[in-house]
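1. okay, sequence plus prediction incoming.
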Amino acid sequence: MDIELTANIECANCGAEPPFGSFSGGKCIIEKCVECGAPCEWVEKPERKHQYNRKEHIMLSSNVMVVAVEGAVNDWTAYIGACPEGSSEENCLIYVAARGHKLKQDLAEFLFPSWKHMEWRN
């Protein structure tokens, strides 16, 4: 299947992100999703439209950011992403919160230890 390789694709069946190295020359080179076992079919992820109570971020480079976001019910999650070149820090934060890859809970808690008291959003 030909697909534009962006950070915003997921398994059409379960929503899992493709593992690194799943594509070569724009084509999927694995037969099944490693999370659910469904045949390799990827779709573009919808942009998250949540309203967040609080955000905190860490810049990892000039255009890569990790963002922790608090939800409406005292829960939280964290995302990582690369921002479009030339984005301001605030625009980068908004972009990653809306389109970034979700971090695993243990890594998010390591990066944002003051957030561990809240419920993790799965």
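-> Okay, I see it. Residues are numbered from 1 along each chain as shown.

2. immediately after the longest helix along the chain, which helix or strand?
-> In the chain, assigned by DSSP state H, the helix with the most residues is helix 89-99. The helix or strand immediately downstream of helix 89-99 is strand 101-102, counting by DSSP states H and E.

3. what is that next one packed up against?
-> Where contact means 3 or more Cβ pairs under 8 Å, 6 or more residues apart in numbering; DSSP states H and E, strand 101-102 is packed against strand 75-82. Yep, even glycine has a C-beta here, placed from its N, CA and C like the rest.

4. contacting residues around the strand it packs on?
-> With contact meaning Cβ atoms under 8 Å, 6 or more residues apart in numbering, strand 75-82 is reached by 7, 60, 63-71, 95-97, 99-103, 107-108, 111-112, 115, 118-121.

5. mind listing what the residue nearest the centre of the chain touches?
-> Among the residues of the chain, the one closest to the centroid is His101, at 1.1 Å (Cα atoms, centre = their mean). Counting by Cβ under 8 Å, 6+ apart, His101 touches Ala7, Glu17, Tyr79, Ile80, Gly81.
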